[in-house]
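Asks: could you look at this predicted model? Sequence included:
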Amino acid sequence: VGGIATHHRQLVEDLVEELQKVAEESLGVTLAPGVVGRLCDYSMSVSAWMGGVKEYQWRNGWFVKQKATPLHAMILKEVGVQV
């Protein structure tokens, strides 16, 4: 996951911004500034971990159930998940 945070930083920033809005609206909270940086730092701390579609239901699935968003849907489709 560290490679994604490093080599696709703009995409990560755009996706986090999109999903942050969903989380804040759904949970009625406001996340502290710097979410992207903290998530990328975490990704680098577990950089060798290989994420997979098998975690879809408990990772991405929550966001999809709350609200479909265009970038997230596009990325999920690219990895073979139908939303």
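Replies: Yep, it's here.
Asks: show me which positions of the host helix or strand of Ser43 end up buried.
Replies: Element membership for Ser43, per DSSP states H and E: helix 35-45. Buried positions in helix 35-45, judged by neighbour count with 16 or more other C-beta atoms under 10 Å: Val35, Val36, Leu39, Cys40, Ser43. The C-beta positions use only the backbone N, C-alpha and C, and glycine is treated the same way.
Asks: before we move on, what about stretch 63-80?
Replies: By neighbour count with 16+ other C-beta under 10 Å, stretch 63-80 contains the buried residues Phe63, Val64, Thr69, His72, Ala73, Leu76.
Asks: which stretches of the protein form helices?
Replies: Under the criterion DSSP state H, the chain contains helices at 2-7, 9-27, 35-45, 60-66, 70-78.
Asks: quick one: buried residues of the longest one?
Replies: Of the residues in helix 9-27, those with enough neighbours to count as buried (16+ other C-beta under 10 Å) are Val12, Glu13, Leu15, Val16, Glu18, Leu19, Val22, Ala23.
Asks: with pLDDT and distance to Ala5 added, can I get those residues in JSON lines?
Replies: Formatted as JSON lines, these follow (pLDDT from 0 to 100; distance: C-beta to C-beta, whole Å):
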{"residue": "Val12", "pLDDT": "91", "distance to Ala5": "6"}
{"residue": "Glu13", "pLDDT": "93", "distance to Ala5": "10"}
{"residue": "Leu15", "pLDDT": "95", "distance to Ala5": "11"}
{"residue": "Val16", "pLDDT": "94", "distance to Ala5": "10"}
{"residue": "Glu18", "pLDDT": "97", "distance to Ala5": "16"}
{"residue": "Leu19", "pLDDT": "96", "distance to Ala5": "15"}
{"residue": "Val22", "pLDDT": "97", "distance to Ala5": "20"}
{"residue": "Ala23", "pLDDT": "96", "distance to Ala5": "19"}
